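Colleague: The sequence isn't on hand, but the structure is:
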């Protein structure tokens, strides 16, 4: 069974940091574009960051640029998200996602992604 499982979420105060991990089972995602999305209560799921299969290209939402860093890992943990200078508006469930179309430009639309994790909660208090 192919699965992506996020971990590393939690509760922090504004200005704090968290590092999210995404574990893969059932197949290797080494040649997939990987991304992070988030969804806050009552809001639509939104793009956070994406990284190419080589790790050479990355792209960020304006709201997290300069604070978050997406990075590639190994076959079992294909992607991480380092989140610094967290703000209350970063509170959301965070999802990792995989896009098999690694030859395309980094996608920001959720429908472009083929595999999803179940999400991990991040709560930032002021």
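Modeller: Great, that's in hand. Given the structure is predicted, the values throughout are model-derived calculations rather than measurements. Residues are numbered from 1 along each chain as shown.
Colleague: Residue 81 against residue 49, yeah?
Modeller: Yes. Using CB atoms under 8 Å, residue 81 is in contact with residue 49, at 6.6 Å. Where you see a C-beta, it was placed from the backbone N, CA and C, and this is true even at glycine.
Colleague: shared neighbours of the two, anything?
Modeller: 36, 68, 70 (CB atoms under 8 Å, 6 or more residues apart in numbering).
Colleague: out of these, which is most surrounded?
Modeller: Taking other CB atoms under 10 Å as the neighbour criterion, residue 36 ranks highest of those with 26 neighbours.
Colleague: State the helix or strand in which that one lies.
Modeller: Using DSSP states H and E, residue 36 sits in strand 33-39.
Colleague: buried sites along that strand?
Modeller: Applying a neighbour-count criterion of 16 or more other CB atoms under 10 Å, one finds 33, 34, 35, 36, 37, 38 buried in strand 33-39.
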